[in-house]
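A.B. asks: Following is a predicted model, sequence given first.
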Amino acid sequence: MSTSHLPETRSSLDAAAPAVRGVVGVAPRRTFKRLLIAAGWRLVRSRPLLLLILILLLSCFMAYLYPLSFLSLDNFSAVLLNASQFGILAVGMSILMIGGVFDLSIGSTLALCGVVVAVLIAYAHLPVPLAILLALAVGALAGLINGLIVTRIRINALITTLATAGIYRGVTQLISGTGVSPISDAFARVGQSVWLGFQSPFWVMVLIVAAGIWAVGQTRFFRQYYYVGANERAARLSGIRTSRLILIGFVIMGLLAGVAGVLNAARLNAAVVSAGIGVELQIITATVLGGASLKGGEGTVLGAFLGVIFIALVQNALIILDVDVFWQNIVIGIVLLVAVSLDHWKEVRRS
């Protein structure tokens, strides 16, 4: 067999080799890029997993820089204690935002309930359990008023709760003036008792968050909020009593704001009219960061709780790093913008 054409064939292959290597090299790069995008997309969709990774990364970073101050039991106890009232409020906000609405009056309701329980104990001398029950009833009533205005009068939830926030804050000032301090030692034990190294507000938060995760994730009643938030008209036509659900959601939110207000007053043994100012920004940020959509129909209680923990760790890190306290609101605002951007990206990807 003639071999005179072999050198020519070999030279042709040598000439084609760079092009072949280029094609082979591009394919793995494109595949890796697609895998990276797909992995990022899964993390965005599974927001609790993304938050858990961020919490671990931030904890490792702070533990490396400041092992003694960050890893101490006192520090973790302080972080979780400060996050307690936010975790309680995040459960109610999750339910509302899944249903397509939100409440901007929770800070004022928190302050109102704290002042009510303080006045009933310190001035009216009611028994502590009875005073707590009445304060929680006031919180539920505040939520009921919000819900009735939204569902019966049909005023937008943003406008409604923005207006009632001012009303509830004004009523708080009328009742107590500058506040009530001290309240009573018996009442203080409600918020200051320690069990397994953590104060009682932390354990109350754990119980409420666990109940919220179970209720929203497992019960048929609370699962209906997803249908209401995704398409209220379709949900109503399918037989779901949408107004009733939204009304109950506001009552739950008011009740939980009452729980947070009572625990806050008990922990400090004082009720101040400025309690809860700005809490709405942090709760909405944590809830959106945890996967809730401002349009409704999405979110989980677990995601909102992890959002609360992440924000609490960020604030703790800023304190340890000796960053000015005014930067905290700036950072939280940036986190909210990032969370909303992720939500928008998710909607774009779907469409």
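C.D. replies: Looks like it arrived, so ask away. Numbering: from 1, shown residues only.

A.B. asks: Next, count neighbours for the nearest residue to Leu96 once chain neighbours are set aside.
C.D. replies: Among residues not flanking Leu96 along the chain, Gly249 sits closest, at 4.9 Å (C-beta to C-beta, 6 or more residues apart in numbering). From N, CA and C alone the C-beta is placed, and that goes for glycine too. Neighbour count of Gly249, defined by other C-beta atoms under 10 Å: 30.

A.B. asks: for Gly249, helix, strand, or coil?
C.D. replies: helix (DSSP: H, G, I helix; E, B strand; the rest coil).

A.B. asks: which residues touch it?
C.D. replies: Residues near Gly249 by C-beta atoms under 8 Å, 6 or more residues apart in numbering: Gly92, Ile95, Leu96, Gly99, Val101, Gly147, Tyr225.

A.B. asks: Provide the contact partners of stretch 206-213 at residue level.
C.D. replies: Contacts for stretch 206-213 (C-beta under 8 Å, 6+ apart): Gly87, Ile88, Ala90, Val91, Ser94, Ile95, Leu256, Val259, Thr300, Val301, Leu302, Phe305.

A.B. asks: on that earlier part again, and the contacts of Gly249, which of them are in strands?
C.D. replies: Nothing among the contacts of Gly249 maps onto strands, per DSSP state E.

A.B. asks: Present those as a markdown table; the columns should include neighbour count and distance to Pro48.
C.D. replies: A markdown table is the format used below for the contacts of Gly249 (neighbours: other C-beta atoms under 10 Å; distance: C-beta to C-beta, whole Å):
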| residue | neighbour count | distance to Pro48 |
| --- | --- | --- |
| Gly92 | 29 | 18 |
| Ile95 | 29 | 17 |
| Leu96 | 28 | 19 |
| Gly99 | 28 | 20 |
| Val101 | 26 | 22 |
| Gly147 | 27 | 28 |
| Tyr225 | 27 | 18 |
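
A.B. asks: for those residues, which one is nearest Ile277?
C.D. replies: Gly92 (18.2 Å; C-beta to C-beta).

A.B. asks: which residues does Trp195 bridge with?
C.D. replies: With DSSP bridges applied, Trp195 shows beta-bridge pairing to Phe198.

A.B. asks: So what's the residue count around it?
C.D. replies: Counted with other C-beta under 10 Å, Trp195 comes out at 9.

A.B. asks: next one: Gln218
C.D. replies: For Gln218, using other C-beta under 10 Å, the count is 9.

A.B. asks: try Glu232
C.D. replies: Glu232 has 20 nearby residues by other C-beta under 10 Å.

A.B. asks: try Ile334
C.D. replies: So Ile334, with other C-beta under 10 Å, has 11 neighbours.

A.B. asks: does it belong to a helix or a strand, and which?
C.D. replies: Element membership of Ile334 [criterion: DSSP states H and E] is helix 327-350.

A.B. asks: cool, and Phe86?
C.D. replies: Going by DSSP H and E, Phe86 is in helix 73-98.

A.B. asks: For Arg169, which non-adjacent residue is closest in space?
C.D. replies: Ser108 is the one closest to Arg169 (C-beta to C-beta, 6+ apart), at 4.2 Å.

A.B. asks: try Leu158
C.D. replies: Nearest non-adjacent residue to Leu158 (C-beta to C-beta, 6+ apart): Leu104, at 6.9 Å.

A.B. asks: and the one you found, which of the three is it?
C.D. replies: Applying three-state DSSP: Leu104 is coil.

A.B. asks: Any idea how many residues pack against it?
C.D. replies: Neighbours of Leu104 (other C-beta under 10 Å): 20.

A.B. asks: Was I right to think it contacts Thr161?
C.D. replies: Yes. Contact criterion C-beta atoms under 8 Å: Leu104 and Thr161 qualify, at 4.2 Å.

A.B. asks: ok, Phe305 to Ser94 distance?
C.D. replies: Distance of Phe305 to Ser94, computed by C-beta to C-beta, to the nearest Å: 8 Å.

A.B. asks: Name the residues contacting each of the two.
C.D. replies: Going by C-beta under 8 Å, 6+ apart, residues that sit against Phe305 and also against Ser94 are Gly290.

A.B. asks: Can you give the contact residues for stretch 179-199?
C.D. replies: Residues from elsewhere that reach stretch 179-199 (C-beta under 8 Å, 6+ apart): 73, 77, 80-81, 84, 115, 117-119, 121-123, 128, 131-132, 200-201, 203, 262-273.
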